[in-house]
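# The amino acid sequence is not available; the structure is as follows:
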């Protein structure tokens, strides 16, 4: 039985008066499979869970001293082509639009961009001057994430004037990004158009727009990245926690999908001089539970990702190439698997280093290619038929391959921006065991019982 994972969203949840809620609210859920809708007594439980949430009540003006966060949002802003029918092929040349198309902007993978927007207003009944402003965003895990840009927009209520600065500098410490936007920090970042702005006072508003880039890959993992934000102002530089004037902390979240790939080769036992095949297999996965069915990580979008290009198989002496064929297994939405086959000849049939140009079979690399480029997980295998010499010995076989980043991954280096060996798109691997076996037969005739005895050596 395969592993399936579903995402269910509660759009509107009425819990009652915010002020009367406990510190933690539990929501229990249970899911059943009903094979016969007319007979619900046959329901089979398939899952249950308990969700614990901590309600956040927006304080009234009288209770807030400092920065009151009005809204916080984080979402993916790099999209693929439209694929509304879910067949993992583009419906046309238009980019998917999250305002119209039901795409998942809370999912992202390496090469994607995320937009984070934070809006707040200063609340201070005494109208004091606050010199410093900060945003700290702590990710669940963020070694693969960098800041591409950060812009602050400030409305100075006393001067009835708005200005912006697009040179905001961030500092990263482990999984936390810190942004500073007080007057001193803005002037230090060459933001000189501040007018009469001296610091933050009651009624001033602040908007931060940050673009993050997922610039590295975490091979074949899913991370539910919870981002806790602290948006505050202060009268002192870099205050410690007791001095944070943050009336409400917001939490953002998104699911990070890492990709992975691996290749292997399997040998054969040859019965004398007969021809058999050895097989090179390659799997590309962007979901750690299933490589073959195309997990449809980005439904309603066509997002080509990783493409096999060249495969080289090094044959030992005594084993002669006859022919070869290639199979591609790729999902087609809703877990429908499609098997595609084609003959393929190596570029150099006279050499023992057989090089197969797999990339030319895909339309994205060759206008006359026969296959559409997969936009999700897939398996690929090449069967290589061999005829050994009758005096051939047991030998090893080695292989190497290269792949090409597609779509959002195209800006990444071949190793995904890290040094993990399972993430490299260019590999050279020699089998650790003998994978080509040749059986030699000797036949003896016993005249007493008229039987033939077969002696096998290898």
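Right, received. Where do you want to start? The structure displayed is predicted, hence computed values, not measured ones.

# which stretches of this structure have low pLDDT?
The chain contains residues with pLDDT under 70 at 1-24, 35-63, 241-243, 272, 289-295, 332-337, 419-424, 428-458.

# can you list the domains in it?
As given by automatic domain parsing, the domain ranges for the chain are 60-257, 261-440.

# any chance of the ones you listed in TSV, plus mean neighbour count?
Quick note: C-beta positions are derived from backbone N, CA and C, even for glycine. Converted to TSV, the domains of the chain look like this (neighbours: other C-beta atoms under 10 Å):
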stretch	mean neighbour count
domain 60-257	17
domain 261-440	18
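
# Which of those sits closest to residue 26?
Of all these, it is domain 60-257 that lies closest to residue 26, at 17.7 Å by C-beta to C-beta.

# which stretches of the stretch 1-150 of the chain form strands?
Under the criterion DSSP state E, counting those that start in this stretch, strands of the stretch 1-150 of the chain are mapped to 25-33, 44-53, 66-76, 81-82, 107-109, 113-123, 132-139, 145-156.

# Check the stretch 151-300 of the chain too.
Under DSSP E, counting those that start in this stretch, the stretch 151-300 of the chain gives strands at 161-165, 170-173, 176-180, 205-214, 222-234, 250-257, 260-266, 268-271, 276-285.

# Residues in contact with the strand or helix carrying residue 402: which ones?
In this assignment (DSSP states H and E), residue 402 forms part of strand 398-405. With C-beta atoms under 8 Å, 6 or more residues apart in numbering as the test, strand 398-405 has contacts from 111, 261, 263, 265, 280, 282, 284, 305-314, 359, 365, 411-412, 414, 425-431.

# contacting residues around the residue nearest to residue 233 when sequence neighbours are not counted?
Leaving aside its sequence neighbours, residue 233 sits nearest to residue 130 (C-beta to C-beta, 6 or more residues apart in numbering; 4.3 Å). Contacts for residue 130 (C-beta under 8 Å, 6+ apart) come out as 66, 122, 124, 199, 200, 201, 233, 234, 235, 245.

# Surely the third one is in contact with residue 67?
Just to be clear, that refers to residue 124. No - here residue 124 does not reach residue 67: they are 9.5 Å apart, not a contact under C-beta atoms under 8 Å.

# Residue 155 against residue 195, yeah?
No - using C-beta under 8 Å as the test, residue 155 is too far from residue 195 to be in contact (11.7 Å).

# quick one: common contacting residues for these two?
In contact with both residue 155 and residue 195: residue 161, using C-beta under 8 Å, 6+ apart.

# re earlier: check the offset of the strand holding residue 402 from the chain's centre.
21 Å (C-alpha atoms, centre = their mean, to the nearest Å).

# Also stretch 353-371?
So, by C-alpha atoms, centre = their mean, the centroid of stretch 353-371 is 25 Å from its chain's centroid.

# Ok, stretch 25-34 next?
Taking mean C-alpha positions (C-alpha atoms, centre = their mean), stretch 25-34 and its chain are 28 Å apart.

# Next, the contact list for residue 207, please.
117, 118, 119, 152, 153, 154.

# separation between the third one and residue 207?
According to C-beta to C-beta, to the nearest Å, residue 119 and residue 207 sit 5 Å apart.

# Columns distance to residue 181 on top of the contacts of residue 130, output as JSON lines?
Shown next, in JSON lines, are the contacts of residue 130 (distance: C-beta to C-beta, whole Å):
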{"residue": "66", "distance to residue 181": "14"}
{"residue": "122", "distance to residue 181": "12"}
{"residue": "124", "distance to residue 181": "17"}
{"residue": "199", "distance to residue 181": "11"}
{"residue": "200", "distance to residue 181": "9"}
{"residue": "201", "distance to residue 181": "15"}
{"residue": "233", "distance to residue 181": "9"}
{"residue": "234", "distance to residue 181": "12"}
{"residue": "235", "distance to residue 181": "15"}
{"residue": "245", "distance to residue 181": "14"}
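
# which of these lies closest to residue 172?
Closest to residue 172, out of all of the contacts of residue 130 and judged by C-beta to C-beta, is residue 234, at 20.4 Å.

# Excluding chain neighbours, give the residue nearest to that closest one in space.
Residue 234 sits nearest to residue 132 (C-beta to C-beta, 6+ apart), 4.5 Å away.

# Surely that neighbour is in contact with residue 182?
Yes - with contact defined as C-beta under 8 Å, residue 132 counts as touching residue 182 (3.9 Å).

# Identify the contacts common to these two.
With C-beta under 8 Å, 6+ apart as the test, residue 132 and residue 182 both reach residue 233.

# got the contact list for residue 343?
Residue 343 neighbours (C-beta under 8 Å, 6+ apart): 323, 324, 325, 326.

# Using TSV, lay out those residues together with distance to residue 387.
Output for the contacts of residue 343, formatted as TSV (distance: C-beta to C-beta, whole Å):
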residue	distance to residue 387
323	10
324	13
325	16
326	20
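
# Nearest to residue 141 among these?
Checking those one by one against residue 141 (C-beta to C-beta), the nearest turns out to be residue 326, at 37.7 Å.

# nearest spatial neighbour of the closest one, skipping sequence neighbours?
residue 344 (4.4 Å).

# Would you mind measuring from that neighbour to residue 331?
Residue 344 is 22 Å from residue 331, by C-beta to C-beta.

# Over to residue 68?
47 Å.

# which residues touch stretch 321-341?
With C-beta under 8 Å, 6+ apart as the criterion, stretch 321-341 contacts 85-88, 275, 292-296, 299, 315, 342-346, 349, 354, 356, 358, 361, 371, 374, 376-387.

# Narrow the residues you listed to those in helices?
Among the contacts of stretch 321-341, no residue falls in helices (DSSP state H).

# measure residue 126 to residue 249 for me?
23 Å.

# ah, wrong one, I meant residue 262
Taking C-beta to C-beta, one finds residue 262 at 41 Å from residue 249.

# and what of residue 271?
From residue 271 over to residue 249 (counting by C-beta to C-beta), the distance is 70 Å.

# Over to residue 363?
49 Å.

# do residue 352 as well
Taken as C-beta to C-beta, the span from residue 352 to residue 249 is 64 Å.

# list the contacts for the residue lying closest to residue 286 once chain neighbours are set aside?
In this structure, residue 286 finds its nearest non-sequential neighbour in residue 259, 4.5 Å apart by C-beta to C-beta, 6+ apart. Residues near residue 259 by C-beta under 8 Å, 6+ apart: 109, 110, 217, 219, 220, 284, 285, 286, 305, 306, 409, 416.
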